[in-house]
Every structure is written in C-alpha cells, then in structure tokens.
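Novice: below are the sequence and a predicted model for it; my questions follow.
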Amino acid sequence: MNTLLHRYREQLPHTFKGPDLIVLQPPGPPAPSAGKVPSGRRDGLPAHPGSLAQRAYWALLSQRRDQSIVALGRSGSGKTTCCEQVLEHLVAMAGSVDGRVSVEKIRATFTVLRAFGSVSTGHSCNATRVAMVMSLDFNATGRVTAAQLQTMLLEKSRVARQPEGEGNFEVFSQMLAGLDLDLRTELHLHQLAESSSFGLGVWPKPEDKQKAAAAFAQLRCALETLGISEGEQRAIWRVLAAIYHLGAAGACKVGRKQFMRFEWANHAAEALGCEYEELNTATFKHHLRQIIEQVTSGPSRRRLEEEETSSGLKMTGVECVEGMASGLYQELFAAVVSLINRSFSSHHLSMASIMVVDPPGFQNPRHQWKDRAATFEELCHNYAHERLQLLCYQRTFVSTLERYWQEGIPVPFDLPEPSPGTTVAVVDQNPSQVRLPAVGGAEDARGLFWLLDEEVWVEGSSDGVVLKRLCAAFEKKGAGTEGTPALRSCEQPLQFEIFHQLGQDPVRYDLTGWLHRAKPNLSALDAPQVLQQSKREELRSLFQPRAKLPPVCRAVAGLEGTSQQALQRSCAVRRAFASSFAAVKRKAPCSQIKLQMDALTSVIRRSQLHFIHCLVPGPAVESRGGQGSLTPPQPGGDKSGTGGPLPLDIPALRVQLAGSHILEALRLHRTGYADHLGLAQFRRRFQVLDPLLMKKLMLASEGVDERKVCPLLQTRQHLLRSPPNSPWRGDIRPDWCGAGKSPPLVAAWKS
Ligand SMILES: Nc1ncnc2c1ncn2[C@@H]1O[C@H](COP(=O)(O)OP(=O)(O)OP(=O)(O)O)[C@@H](O)[C@H]1O
C-alpha cells in the first residue's frame, strides 16, 4: 500500500516512515534512485509513484503475473496526475517494441482524456468524470508490446445538465474557442446561439476563452501524435458541433414533442449528415419505431413493449433532446477511445500486463463548504470509489489474514470494522446474492439501485416510496442497535445521508427526480443508429465498427483489441455483463452502473493489486471567481497566492486516513509478513544459492507431508540472509510454514 500525500510535502517532515508508505513528490519526471531514501524503504528509491511502478514491474517480471495499480482518494487529490506518472515511468523504463507505445503517446492520451472526460468543478479544474483502465502489455523480455485503454461510467448526462457552478466536458469550450474559421463556418459555429440549454459557449472571463483556445491547439497536437487523421478529427468536431446545436435548438416544454428552434436543429442534422426528419424521429418519435417493432415481432415481445409504454417510461421533449445529446457523446467518447487503442495496438506476443486504474474521485459538496445535497451522479462516483475501497479491504485485510490462518501463522490482528461493504450494500445489495446481512433487519433488503430499477416499472410509484423502502431496509432505529450506521433519513424532504468512508465522511443526497433518472432514455438508445447511418463517409467509418460490438457492453469503451491480453480483458468485461442478462435486457440504467463496476473489478481482480491512496492535505480554497474551485498548487511550496503556505487541515487528513483504514493496514504490515512467495517462485529465485536444498524442498512439498519442508528451511536460514542488501533479507519464523495445512505453501518474511 502506498500513501501519496501531494502538495505541502515540505510541511510534513517524516510523516510516513513505513516501508511501503511513501510521500509523493511534486509532479515532474520520475526521480532517480539517488537522493535521500526515507528510512524503512527497501527498494532503494525515494518516494515517488515511479518507485511503485518499478515494484509492480519487477513483480510482473519475477512472478509473470498481471499487476494492477489503483489510485484512490478524494476528487482533486492527484489520482490522474499520479496514474500518468506511473504510466510514463513504466514506458520510459521498459521501452517498447517498435516504439508502438511511447511517453509522448501516453501524454497525448491524457491530454485527450482530460479534454473529453473531465470537467471543471469546485474540487478541481480537471475533475475526471469517467473511470479509466490503461493496460500496458509486456513481453517476456520486459518490453512494452502494446497498450489498451478501457473506460467505464462516463457521466454522459453531464453533457445536458451540470450542477450549479460546474462545467460541461472541457472539449466543448475548447472546440468552440479554438476551431479555425473555415471549419467554424462549415459547422455553423461562427455565430454562437444566444442561449444554449446545455450551458455551452459561455466563458466567465475573456482569458478563459484564450486558455480554452490554447488547450484546443494542444488537443489537436495530441490527436496527431496518436495518429488520428484530419478526416477523423473533422468527424469528431462534427458530432460535438451537432451536440452544441441540439442544446441551442432545445425542446418545446408544452404541446407536441418537437425542437423549439428549427434552424438550430437543422444545423445539428447537417453536422451529423442526416435529414432533419431522421433526427426528429430518432429524438422524439420512439413510438413510431416501437409500432414497427411490435408489428414485426412476436407476442412476448409485444407484451414487453406494452409494459414500457404503460409504465412511466414516456419522456418529455426536453428529456428526449438531452437523451439524444448524451447518447451522441457516449458514442463519440467510445470512438475516440477506439482511435487511441488503434494507435497502441500491436500483434506482438505478450506475457503479462500492468493495469493502471484511475476512477473518478470521492465527492462531497461539504468538502467545499457547499450547502447543496449531492446528486445522483455523485452517488455513482462515490459508489465506484467505495467498490474499489472494498477490493482494497479484501486484499489488504481479509485475504492476508486468511493466508496467515491457512499457513498457521499466528498474527495478533483483528479484522478492522466496519468494512466499506456496509455502504456499498446500501447502493447495490441484491437480495438474491446477499453478501452482508441487512442492516435494518429486513430479510430482502434491496440496495438503492435495485429499488430504483424496480419502482420505475410500478405505476404511480414515486421518489418517496423509494426512500421509504430504502430506510426500512438500511436505517438503524432505536437505542439498541450497534455499530456504525450506513444510512439515515434527513429532516429535509426526500433527503438522506449515507455514511461513506467507514462512517467518517457522510454525504447528504437529494433523491428528488431520481426515479425519473432511472428510466432508460430511448433517444439515447437511438443515437448510435443516427451516427452509423450518416450520409457522411467520415462519420460512418468512425462509428460503424461499434455496430459490431454486442449492445450489452455499449457503456464500456475500448473493447476492441486483438492481442491475447486485450481479448482476455474484453472477455472479463463481457462475462460481467452476461451475469445479469435480465438487467441488461431491460436496459436498466442503475443496474448498468453496477455491472460496469463489476466489469472493472473483474478486469483487475486476478492480478496482484497495488493501491495508491492520494490525500488532500489542505482545505479547499475558493477561487477568485467564487466558483469554489481549488487554488492551483504552486510549485515548490504551494503558496496559495496569498504569500503564505496553506495550513494543513488536520481534521480532514484524519478523516481521510481513518476513512481508508490506512493506519490499520500499516499496523498489519508491521505485525504480519507482508512479503511472501509461492514455493515455485521461491525456488526459481533462490535455487541458485543451494540447488540441492531446493530439490529436497520441492520433493517434500510435492509429497504428502509438508512438515518436512519447514525443518529443511530452518537449517538454512542463511539462505535468506544473503546476498547482502537483498530486498528479501529477513528472519524466517519457525512457524512460517503451516504444519499440515493445505497448499498453497508460501514463504513469508518479516519486513
Ligand atoms: N503531487 C502534486 N503536487 C502538486 N499538485 C498536484 C500534484 N498532483 C496533482 N496536482 C494538481 O492537483 C490538481 C488535481 O489533480 P488530479 O486531476 O490529478 O486529481 P484527481 O484526484 O484525479 O481528481 P478527480 O478525481 O477529480 O479527477 C491538478 O491541478 C494537478 O495539477
């Protein structure tokens, strides 16, 4: 486990001295191994994400096993920066076959991802709104053969709606500010609309527009570095322009469902290469499509469609336009990811991979002293973050203690309580696969996602009903109830609080309108067809390859790839979606979020996991614009522009430490035996020192009586004491090998 405490480094002398806990240096090129090494570190590297990357790399080479590096922490804590540094370090260190993967391309990828996947919020000016897994494949000689990007949980609704004081995806303002005159005229962007229902084309200050234009020039360079042709870039700008025009067109709020401003809708159709009528039908007239399908399909299908129309699935005109815009953006994002993957793909054989995971950060409006309740999208990001924390908990504590128990190693350590699983269950617990006992005592307690998916089909149901059922299942009532609560209802109507971060960081949510959000948006589902059937060749060639992908996995981008490693990862995603076919068939948006997280965890689950906990050490500072954004960190000391160093926010740091079980993990690391090897790896590593002993060792372990192994090693403790400076030096405990316990037989060292 690694803790990266960014900024304020100078103010934290010797904060963490554990062998695995490191303090992040300010961003910059990976530090060489020279320099002051914090005491207790065994790899000889100073504190830096690069040192973690190096460890994962050596583990990959020595164990021939996939590795994953997962960044966790609040929004704005430096996860994306850290992941970028890790990837750059790996590529620079290992080198790549044929130069297919280079540091420049990795940087370019992050520039593109920041443009298309991040927004400006109070936490950060580049808050990521998509979860990303970037995998580097290595061959047996340790060189990078290929890379693959997969993305999940894109906050596509952001295109049409943003919380107060937050922005749309950066790429819109960049394109509107920086597009050259010819293209601007061709796409009807030379004169921006007076108002856009998507909040596009607005810059609070003139310098913001200049910055956006400069960022657009950088984005174009990045796209070129990734080998994305001029024609493909034009197709990308066309879709973005169409989304802009849809925002300007708007929808009539009363009467017939139709565009409010015909002229702008016409521009949107022109940009997409389709007729106005086609766009109009795809956006508003699903019933026409449904009627055709009903006529051509069998009776069972007809029943399903009837159900859909009779339940509250009918949408307003505004929802239809929003759905079309978000659907177009999701397809565009997936196409951009495919283009990035094309630039990294190769047919070279690979042995194993290192996967770097950057999820959206944990978010709480209270962190910026905002009084508003959190939104549905923020709940989804917090849920994703806690699913990864749960994985960390299982690997750090549950599996480790289980291994000690299996090997008969007495370690005085109790499983920390509570587990992140308590709050994860509030969101996604499925009574048919209950992992934890229902907190409120109700036998069939369903998590929020399941409740929303269920209630959306019930005639006359409301947000209040969902809240009532949720509280009945998970709220602790009465004085006798023990343990940390997972949920409580608030005094404000339709509001509730989930006790995230092990109860340390409760977030208040407003459930108003969530039932409406849980409906599948039929316009969004029609968007891919509009793009695939475009009359413009450049759009068709960009989007038609997506038509071949199974519709179940549409929310996940980056499933293409021909190498063996890429196919394995894609299979893991498909398996996760296949596990809940009913939810996929119903196109239920909430279950899809859970399935996307299942897919992400199943991609990395089999690998050796390394977690990076990024902490925000100081309080968020309101920007001069009053939009609640963090003051950008200053190099070399983080002066906030006020002349003095920012104070450390000790309570906030405590909350972050306690909310992620960091101190408990450190304690287990010191009490237990953090490093261990399977016998086969142990033999491979040390047999050169005493081949005879190793042979006996293998024979003993292959035989029935494993007890013979232990005395053999005890007689040769010097094996592990040499060579000098070996990172594996240490004491062997006499009971390191569990007598009579079942395999896997492991060797454990005292760190
Ligand atoms: N080690 C560091 N020292 C100083 N500043 C940093 C460091 N790491 C990141 N930053 C800055 O902090 C800001 C937020 O960083 P970043 O986008 O990586 O955070 P994040 O955790 O990925 O946020 P989110 O989850 O919202 O995407 C950026 O402006 C970045 O430049």
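Specialist: That came through fine. Numbering: from 1, shown residues only.
Novice: all strands for the stretch 351-500 of the chain, in order.
Specialist: Per DSSP state E, counting those that start in this stretch, the stretch 351-500 of the chain carries strands over the ranges 352-358, 487-489, 495-498.
Novice: and the helix or strand where A325 lies, what does it pack against?
Specialist: Per DSSP states H and E, A325 falls inside helix 317-344. For helix 317-344, the elements it packs on are helix 103-117, strand 144-152, helix 230-249, helix 276-284, helix 522-532, helix 537-547, judged by 3 or more C-beta pairs under 8 Å, 6 or more residues apart in numbering; DSSP states H and E. The way it works is simple: take the backbone N, C-alpha and C, and place the C-beta from them, glycine included.
Novice: pull out the buried residues from it.
Specialist: 317-341, 343-344 (16 or more other C-beta atoms under 10 Å).
Novice: ok, back up a step: using a markdown table, please lay out the helices and strands packed on helix 317-344 together with distance to V456.
Specialist: A markdown table is the format used below for the helices and strands packed on helix 317-344 (distance: least, C-beta to C-beta, whole Å):
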| stretch | distance to V456 |
| --- | --- |
| helix 103-117 | 28 |
| strand 144-152 | 22 |
| helix 230-249 | 25 |
| helix 276-284 | 21 |
| helix 522-532 | 13 |
| helix 537-547 | 27 |
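Novice: deepest in the core, which of those is it.
Specialist: Burial of these is given as mean neighbour count (mean count of other C-beta atoms under 10 Å); strand 144-152 ranks first at a mean of 26.
Novice: now that one, how far from the chain's geometric center?
Specialist: Distance, stretch centre to chain centre, for strand 144-152: 14 Å (C-alpha atoms, centre = their mean, to the nearest Å).
Novice: which is the next helix or strand following it?
Specialist: Sequence order places helix 170-178 as the next helix or strand after strand 144-152, per DSSP H and E.
Novice: against which helices or strands is that following helix packed?
Specialist: Looks like helix 170-178 contacts helix 103-117, helix 206-225, helix 230-249 (3+ C-beta pairs under 8 Å, 6+ apart).
Novice: cutoff 10 Å now
Specialist: helix 103-117, strand 118-119, helix 181-186, helix 206-225, helix 230-249, helix 317-344 (3 or more C-beta pairs under 10 Å, 6 or more residues apart in numbering; DSSP states H and E).
Novice: redo the ones you listed as TSV? Include mean pLDDT and distance to the ligand.
Specialist: TSV is the format used below for these (pLDDT from 0 to 100; distance: least, C-beta to the nearest ligand atom, whole Å):
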stretch	mean pLDDT	distance to the ligand
helix 103-117	96	8
strand 118-119	92	6
helix 181-186	91	30
helix 206-225	93	13
helix 230-249	94	21
helix 317-344	93	16
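Novice: export these to JSON lines and tack on distance to Q568?
Specialist: Listed next are the helices and strands packed on helix 170-178 as JSON lines, based on distance: least, C-beta to C-beta, whole Å:
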{"stretch": "helix 103-117", "distance to Q568": "21"}
{"stretch": "strand 118-119", "distance to Q568": "29"}
{"stretch": "helix 181-186", "distance to Q568": "41"}
{"stretch": "helix 206-225", "distance to Q568": "28"}
{"stretch": "helix 230-249", "distance to Q568": "28"}
{"stretch": "helix 317-344", "distance to Q568": "15"}
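Novice: skipping adjacent residues, who's closest to whichever residue of the stretch 351-500 of the chain sits closest to the ligand in space?
Specialist: Residue of the stretch 351-500 of the chain nearest the ligand, by C-beta to the nearest ligand atom: G361 (2.7 Å). Leaving aside its sequence neighbours, G361 sits nearest to S75 (C-beta to C-beta, 6 or more residues apart in numbering; 3.2 Å).
Novice: so the helix or strand where A269 lies versus helix 317-344, what angle?
Specialist: Following DSSP H and E, one finds A269 within helix 262-272. Orientation of helix 262-272 against helix 317-344 (axes from the mean of the first three to the mean of the last three C-alpha atoms, to 10 degrees) gives an angle of 20 degrees.
Novice: off-centre distance for the helix holding A325?
Specialist: On C-alpha atoms, centre = their mean, the centre of helix 317-344 falls 18 Å from the chain's centre.
Novice: and for stretch 605-622?
Specialist: 12 Å.
Novice: what is the rounded mean pLDDT of that stretch?
Specialist: The predicted model gives stretch 605-622 an average pLDDT of 81.
Novice: list the buried residues of that stretch.
Specialist: Applying 16+ other C-beta under 10 Å to stretch 605-622 flags 607-621 as buried.
Novice: quick one: which of those residues is nearest the ligand?
Specialist: Closest to the ligand, out of all of those and judged by C-beta to the nearest ligand atom, is C614, at 5.7 Å.
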